[in-house]
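Q: just a sequence and a predicted model for now, questions to come.
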Amino acid sequence: MTLRVASPVSGRVVPLTEVPDPVFAQAMVGPGVAVEPDRGRADVVSPVDGTVVTLHPHAFVVATSEGAAVLVHLGIDTVKRKGEGFTLHVVKGEAVRAGQPVVTWDPAEVEAAGFAPICPVIALDAAPEVVLDQAGGPVAAGDALFSWQR
């Protein structure tokens, strides 16, 4: 089975190695890609159909009915903001569809506060070789970001 993972934000696709955090850059939590988001207030959408199993203002995980879990992390070290600048639209345990708004944020505001707004999108507990067909260049929220061979 192949799972289509959509981009949670609009922006420019970059390799994980460009994320200024070794945990993501070295794929310690799993393979994936990152998106350098367009600046300006925007909705962050679910990358897959599933259930919100982890929810913080700056990060969330959606698990599919088949057990695949995708992490979306909004910026680096943004946990230090304690939720400031993030508006949640769902609750933990809620079923979501790919493309459904989960959080609203402003990457320019995050950047102005001294944090990198880059967004890692990670296939949790996956081997590197299962992430295929990675998008390149610009993407819109909801566009295919990568395929996860399961």
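A: Alright, I've got the coordinates. This structure is a prediction, so every number in the text was calculated from the model and none was measured.
Q: where exactly do the strands run in the chain?
A: Counting by DSSP state E, residue ranges of the strands within the chain are 2-6, 11-14, 32-37, 42-45, 50-56, 59-63, 69-73, 87-88, 95-96, 101-105, 119-123, 131-132, 137-139, 144-149.
Q: nearest to A113, out of those strands?
A: Set against A113 and scored by C-beta to C-beta, these come closest in strand 101-105, at 11.4 Å. For the C-beta atoms, the positions are set from N, CA and C on the backbone; glycine is no exception.
Q: in terms of pLDDT, where does V19 sit?
A: If you check V19, the pLDDT there is 97.
Q: let me fix that: V102
A: 98.
Q: neighbours of it, just the number please.
A: By other C-beta atoms under 10 Å, the residues close to V102 number 21.
Q: and it, how far from V90?
A: 5 Å (C-beta to C-beta, to the nearest Å).
Q: which neighbours do those two share?
A: Common contact partners of V102 and V90 (C-beta atoms under 8 Å, 6 or more residues apart in numbering): 52, 96.
Q: nearest residue to the residue most central in space within the chain in space, please, no chain neighbours.
A: Among the residues of the chain, the one closest to the centroid is V72, at 2.5 Å (C-alpha atoms, centre = their mean). Closest residue in space to V72, ignoring its immediate chain neighbours: P8 at 4.6 Å, by C-beta to C-beta, 6 or more residues apart in numbering.
Q: which residues touch the one you found?
A: 35, 44-47, 72, 102, 119, 121, 141.
Q: same thing but at 6 Å, please
A: Shown in contact with P8 (C-beta atoms under 6 Å, 6 or more residues apart in numbering): 44-45, 47, 72.
Q: how about D43?
A: Shown in contact with D43 (C-beta under 6 Å, 6+ apart): 101, 104.
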